[in-house]
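Student: Only the shape, not the letters, is given here:
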DNA sequence: ACTATTCTCGTACAACGTACGTAAAAAGTG
DNA sequence: CACTTTTTACGTACGTTGTACGAGAATAGT
C-alpha cells in the first residue's frame, strides 16, 4: 500500500521484517507477540490518535516494559508499518465486475472506508516504506482488476500508487474538515480571517467564491465525484 | 495552499498570525525578523531536510537565543506555516490561455516545480492549516483560472484543494522514489523482498507485473500524464 | 550442571518543544 | 533628567520522546 510522502533515513530490511516466523527453538519464550503489540497500538491510535502511540504508552497498554517492544520491532517506524499492514487486513477482496474502471472505483471506496475507520491511516501512510502481506494481498487484487487494461507492469503499479495516494490525500482532507467542524471556535476564526482577506479588495475571486458558496456537498458524494473523474480519465495504455 | 492530512489540536488565530505588521512603537526593538527567521528555517530544510528544523538549530543559524524565536512564532507549528507561505512566494503568476484546463495543468506544474525545489514541502503541507498571503495570492490566480467553469464557490475551492493534494501526494512519491535510487542497498533489499513474494506462488499478478515491468517512465512524464487525466476528468458543473 | 541463546526491562541519555522569569532596551511622561 | 510601561532577549529548567546499554531471567541443547 504505497502512496504518501516523507524521506527518512535508514529503515529495516523488509525481507527480515515481513517473512520470518521466528524459527529458533532456543532461548526464552516470548511473553508477547507482534500481533498483540500491533493490535494495542492500533487500538490506541483509533481511540486517541496517532500522537498517542508512544513506545511507553503501547508498552503499558500491553503490559510490557518499554524496552521489550524492541524485541518485536527494532524501531518505532517499524511498529507503524506493522500497524498499517494490520489494518490493511480488514480490506475485503474487492468485487469483480467485468469493467476494470468500476472495479478500480470499488477499490478506492474500500480504501476510503478503511481510512475513515482508522483516521490516522492517511498520515501514517505518508512515511510508509514497504508493503506487508495484507497490503500485498490487496495489491494483488488491484493488479487483477487492472488486467484488462493491458498496461505494462510498472504502469499498473503506478496506477495503484496514484489511486492510493489520491485516496489518502482526499480522506485526509475529509478528516480535517470534519475535525474543523468539531472545533467551532477555530473554524469561526478561520472564516473571519478569510472574510477579512476577501474584503481587502485585492482578492476579488476569493470574495466571489466565498459569497457564492453553494452548499458544501456530502463528503462521500464529493469523494465519489473526484474518484470517478480520476479513474475515468485513466488511459489504458 | 491547502491539501494534505493530519488532525492536530489547537493552533493560532490566523487573523493575528497573518495580518498585523506589529503596530506598537513602545518597547525594545526587535533584533530579528520573521522574514529572517523563516528564511533561515527554509534554508535549513532545503539543505538538511525538515527534521533538521528544530528551534535550537534555527535559532543558532540566525544568531538568536532559542527562546527568542517565540517572540516571532508562538509555536513551532507556526514557524512551519510561515515556511510554507514563504516558499509559496516563489510561485509565479500562472499564464492564462483561454482554456481553463490548460491553465489548471500549468498551475499544477508550478506547484510541482516548487515542491521539487523544496522537497520538504509535501510533508509540511500535510499538517498545514490556514493559507498565508502568498498562498492566497496563488489561490486567487487559481480561482481566476476556474472562472470559465461556472462552478460555484465551494466547488472551485474544492478543485484547488484536490489539485494541491494530488500534486503534493505525487511529488512526495517522486521524492521517495528518487531517494530510494540514491540508497542502492535499501532499494535492492526491497526488490529482493518483492521478488521473493512474487516467487511464492500466491501472488501471480505481482509476479507478472514485476516480470513485465516496461521501463519506468521519466518522472515528469508520469506526472504530466496523471495530472492531465485528473484535470481532463474534472466536471464543469 | 553447563552453556548458548533469546527475551525482559530498569536505568540512562540526548534531543526535543516550550513554560517561566529576569534582564535589557526602547518610548512615553513628568 | 528620572521613572514607568511595554516589548523583546534569552538562560535555565521541565516534561516527554525514542532508544542504547547491560544485567538478569528463562529456555533448549549438550
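Tutor: Perfect, I can see it now. Predicted, not measured: the structure shown is a model, and the values here were computed from it.

Student: Contacts only, for residue A:34.
Tutor: A:72, A:73, A:82 (CB atoms under 8 Å, 6 or more residues apart in numbering or on different chains). C-beta: built from backbone N, CA, C; applies to glycine.

Student: Next: residue A:146.
Tutor: Residues near residue A:146 by CB under 8 Å, 6+ apart: A:100, A:104, A:156, A:159, A:160.

Student: Show the buried residues in those residues.
Tutor: Those of the contacts of residue A:146 that meet the buried threshold are A:100, A:104, A:156, A:159, A:160, by 16 or more other CB atoms under 10 Å in any protein chain shown.

Student: Of all the helix elements in chain A, which one is longest?
Tutor: helix A:153-182 (DSSP state H).

Student: in that helix, what counts as buried?
Tutor: Per 16+ other CB under 10 Å, helix A:153-182 contains these buried residues: A:153-176, A:179.

Student: Now do stretch A:165-180, average pLDDT.
Tutor: Across stretch A:165-180, pLDDT averages out at 90.

Student: For chain A, what lies in contact range of DNA strand C?
Tutor: Within reach of DNA strand C by CB under 7 Å from any atom of the strand, chain A has these residues: A:22, A:24, A:26-32, A:64-68, A:70-72.

Student: What is the lowest-mean-pLDDT helix or strand in chain A packed up against?
Tutor: When the helices and strands of chain A are scored by mean pLDDT, DSSP states H and E, helix A:14-18 comes last with a mean of 82. Applying 3 or more CB pairs under 8 Å, 6 or more residues apart in numbering or on different chains; DSSP states H and E, one finds that helix A:14-18 contacts helix B:184-198.

Student: Could you check the angle the helix it packs on makes with helix B:153-182?
Tutor: Here helix B:184-198 points in a direction 100 degrees away from that of helix B:153-182 (axes from the mean of the first three to the mean of the last three CA atoms, to 10 degrees).

Student: related to what we said a few turns ago, so which of the contacts of residue A:146 is the closest to residue A:40?
Tutor: residue A:160 (29.8 Å; CB to CB).

Student: Point out where chain A drops to low pLDDT.
Tutor: Where chain A drops to pLDDT under 70, the residues are A:1-10, A:21-22, A:236-237.

Student: Flag every residue of chain A that's near DNA strand D.
Tutor: Within chain A, the positions lying close to DNA strand D (CB under 7 Å from any atom of the strand) are A:25-29, A:53-57, A:66-67, A:70, A:75-77.

Student: re earlier: filter the residues of chain A next to DNA strand C to the buried ones?
Tutor: Using 16+ other CB under 10 Å, the buried ones in the residues of chain A next to DNA strand C are A:32, A:64, A:68, A:72.

Student: Tell me which two of the residues you listed sit farthest apart.
Tutor: Maximum pairwise distance in those, criterion CB to CB, is 9.1 Å, between A:64 and A:72.

Student: anything in contact with each of the two?
Tutor: By CB under 8 Å, 6+ apart, the residues touching both residue A:64 and residue A:72 are A:32, A:37.

Student: Which elements pack onto the longest helix of chain A?
Tutor: Judged by 3+ CB pairs under 8 Å, 6+ apart, helix A:153-182 is in contact with helix A:100-117, helix A:121-125, helix A:133-145, helix A:184-198, helix A:219-233, helix B:153-182, helix B:204-211.

Student: most remote residue from chain A's center?
Tutor: Most distant from the centre of chain A: residue A:201, at 39.9 Å, with distances by CA atoms, centre = their mean.

Student: Quick one: residues contacting that one.
Tutor: Residue A:201 makes no contacts at all, as judged by CB under 8 Å, 6+ apart.

Student: In three-state terms, label it for me.
Tutor: Of the three states, residue A:201 takes coil under DSSP: H, G, I helix; E, B strand; the rest coil.

Student: Can you tell me how far it is from residue B:171?
Tutor: Residue A:201 is 34 Å from residue B:171, where distance means CB to CB, to the nearest Å.

Student: again, but for residue A:153
Tutor: Applying CB to CB, the value for residue A:153 to residue B:171 is 23 Å.

Student: Same question for residue A:155.
Tutor: From residue A:155 across to residue B:171, the span is 19 Å (CB to CB).

Student: what residues are up against residue A:159?
Tutor: Residue A:159 sits next to A:104, A:146, A:151, A:234 when contact means CB under 8 Å, 6+ apart.

Student: farthest pair in those?
Tutor: A:104 and A:151 (11.6 Å).

Student: Redo the buried ones among the residues of chain A next to DNA strand C as TSV? Include secondary structure.
Tutor: Shown next, in TSV, are those (three-state DSSP):
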residue	secondary structure
A:32	coil
A:64	coil
A:68	helix
A:72	coil
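
Student: Return the member of those residues nearest to DNA strand D.
Tutor: Of all these, residue A:68 has the smallest distance to DNA strand D: 9.3 Å, by CB to the nearest atom of the strand.

Student: Isn't that closest one up against residue A:32?
Tutor: Yes: using CB atoms under 8 Å, residue A:68 is in contact with residue A:32, at 6.8 Å.

Student: Report how many residues lie close to the nearest residue to residue A:19 once chain neighbours are set aside.
Tutor: Nearest non-adjacent residue to residue A:19, counting by CB to CB, 6 or more residues apart in numbering or on different chains: residue B:196, 6.9 Å away. Per other CB atoms under 10 Å in any protein chain shown, the neighbour tally for residue B:196 reads 13.

Student: Next, the angle from the host helix or strand of residue A:39 to helix A:100-117.
Tutor: Taking DSSP states H and E as the definition, one finds residue A:39 inside helix A:34-48. Here the directions of helix A:34-48 and helix A:100-117 differ by 80 degrees (the same axes, to 10 degrees).

Student: who touches the host helix or strand of residue A:77?
Tutor: In this assignment (DSSP H and E), residue A:77 forms part of helix A:76-88. Outside helix A:76-88, the residues within contact range by CB under 8 Å, 6+ apart are A:1, A:8, A:11-12, A:17, A:34, A:37-39, A:41-42, A:45, A:53, A:55, A:58, A:69, A:73, A:114, A:117-118, A:121, A:124-125, A:127-135, A:138.

Student: and the angle for it with helix A:34-48?
Tutor: If you take the same axes, to 10 degrees, helix A:76-88 sits at 80 degrees to helix A:34-48.

Student: Helix A:76-88: which residues count as buried?
Tutor: Buried residues in helix A:76-88, counting neighbours by 16+ other CB under 10 Å, are found at A:77, A:78, A:79, A:80, A:81, A:82, A:83, A:84, A:85, A:86, A:87, A:88.

Student: List just the nearest of the residues you listed to DNA strand D.
Tutor: Nearest to DNA strand D among these, with distances taken as CB to the nearest atom of the strand, is residue A:77, at 6.4 Å.

Student: okay, among the contacts of residue A:146, which ones form the most distant pair?
Tutor: A:100 and A:160 (12.2 Å).

Student: and residue A:92, how many residues sit next to it?
Tutor: Residue A:92 has 10 neighbours, counted by other CB under 10 Å.

Student: Can you tell me the SS state at it?
Tutor: Relying on three-state DSSP, one would call residue A:92 coil.

Student: any idea how far residue B:147 is from it?
Tutor: To residue B:147, residue A:92 is 43 Å away according to CB to CB.

Student: got it, and residue A:147?
Tutor: As judged by CB to CB, residue A:147 and residue B:147 stand 42 Å apart.

Student: Over to residue A:71?
Tutor: 60 Å.
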